[in-house]
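Asks: Give me the fold of what follows.
(one chain, ligands or ions: 1)
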Amino acid sequence: MGTHMEIINESSGAIGCGIIGVVLLSLIWGSWRILNWVWLRPKKLESCLRKQGLNGNSYKLFFGDLKESSAMDKEASSTRISISDDAVPSRVLPFIHTNISNYGKKSFTWFGPIPNVNIVDPELVKEVLSKNFNYQKTKSNPFIKLVANGLTTLDVWMERVVHEDMKLGGITLLEGVIVSLHVMLLHYDREIWGDDVKEFKPERFAEGVSKATKNNQASFSPFSSGPRVCIGQNFSMLEAKMAIATILQ
Ligand code: HEM
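Replies: Sure, this is the predicted structure:
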């Protein structure tokens, strides 16, 4: 009987030790994953981007640029905007606008622990949109969804997450980095459209979209492009024409 009890005690002790071991290992593994997510991986991605000549704010633990960008958004949205306003981009995209003014077109921002590379070159925008398996929509990432939902639904910019390591315009983008396609900034780019870029001048499109730009570059993509182009494009254009024709009658 006594030996029976000893065996039971010993085996329950061993099970207890085993459970503590498993719990400890899970804790270490979990802590490592969190550390990797909030610090090691962002720092690795940051150094990879900086080595290739991209600039942006230094990564701040967990939040990245979130606090700064939401403060700027709040301040900007407290001012009124008019369509002929010279400051539309800085009013609609205050943080991105400031970031690009400070660091240039080869720049990045931080969505929490995820670096966000700004894409403001029309050819690179088209390249990303044409490779929809390599650059996927960000909807599947709950963190990005939570933070980015407001602006992406307005299509002020379009976001794609790099699905596997890719080269874009000579820059290597590691898996997990986000590319932000700033279509609105393209539409306000003086270098593409000329000094009258901010004027309401529909006649600039009289000979087609590409002839409207300085170097015949097709840089007008309000409906996106590539395989995931808006399926309502023709319908919307027709509707707009009908509305204008009705107003003019
Ligand atoms: C002026 C009006 C419109 C604009 C500016 C517009 C713009 C866009 C843009 C930029 C995208 C790509 C979004 C992204 O890739 O993140 C998109 C996608 C889409 N649009 Fe539109 N859209 C308009 C009207 C419509 C209408 C009227 C419909 C439906 C009848 C429609 C249906 C869609 C659908 C289904 C997609 C997703 C296509 C896909 O992912 O394969 N859109 N639209």
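Asks: Report the mean confidence score over the host helix or strand of K74.
Replies: Element membership for K74 (DSSP states H and E) is helix 66-77. Averaged across helix 66-77, the pLDDT comes to 92.
Asks: In PDB, list the C-alpha atoms belonging to that helix.
Replies: Below are the C-alpha coordinates for helix 66-77, written out as PDB (Å, rounded to 0.1, in the frame of the first residue of the first chain):
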ATOM      1  CA  LEU A  66       0.400  56.400 -34.400                       C
ATOM      2  CA  LYS A  67       0.300  59.100 -31.700                       C
ATOM      3  CA  GLU A  68       1.900  61.800 -33.800                       C
ATOM      4  CA  SER A  69      -0.300  61.000 -36.900                       C
ATOM      5  CA  SER A  70      -3.600  60.800 -35.000                       C
ATOM      6  CA  ALA A  71      -2.800  64.200 -33.200                       C
ATOM      7  CA  MET A  72      -2.100  65.700 -36.700                       C
ATOM      8  CA  ASP A  73      -5.300  64.200 -38.100                       C
ATOM      9  CA  LYS A  74      -7.300  65.600 -35.200                       C
ATOM     10  CA  GLU A  75      -5.800  69.000 -35.600                       C
ATOM     11  CA  ALA A  76      -6.300  69.000 -39.400                       C
ATOM     12  CA  SER A  77      -9.900  67.800 -39.200                       C
END
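Asks: what's that helix packed up against?
Replies: helix 88-92, helix 94-103, strand 108-111 (3 or more C-beta pairs under 8 Å, 6 or more residues apart in numbering; DSSP states H and E). C-beta here means a position set from N, CA and C on the backbone, and glycine is covered the same way.
Asks: on contacts alone, who are the packing partners of the second one?
Replies: It stands for helix 94-103. Using 3+ C-beta pairs under 8 Å, 6+ apart: helix 94-103 touches helix 66-77, helix 88-92, strand 108-111, strand 114-119, helix 183-187.
Asks: got the helices and strands packed on helix 66-77 as a markdown table, with mean neighbour count and mean pLDDT columns?
Replies: Converted to a markdown table, the helices and strands packed on helix 66-77 look like this (neighbours: other C-beta atoms under 10 Å; pLDDT from 0 to 100):
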| stretch | mean neighbour count | mean pLDDT |
| --- | --- | --- |
| helix 88-92 | 18 | 84 |
| helix 94-103 | 18 | 94 |
| strand 108-111 | 24 | 96 |
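Asks: Out of those, which gets nearest to the ligand?
Replies: helix 88-92 (14.8 Å; C-beta to the nearest ligand atom).
Asks: The helices and strands packed on helix 94-103: which one's closest to F133?
Replies: Checking the helices and strands packed on helix 94-103 against F133 by C-beta to C-beta gives strand 114-119 as the closest, at 17.6 Å.
Asks: Pull the number of nearby residues for the closest residue to E159 other than its chain neighbours.
Replies: In this structure, E159 finds its nearest non-sequential neighbour in T138, 4.7 Å apart by C-beta to C-beta, 6 or more residues apart in numbering. Residues contacting T138 under the criterion other C-beta atoms under 10 Å number 21.
Asks: Go ahead and confirm T138 touches M158.
Replies: No. Using C-beta atoms under 8 Å, T138 is not in contact with M158, being 9.3 Å away.
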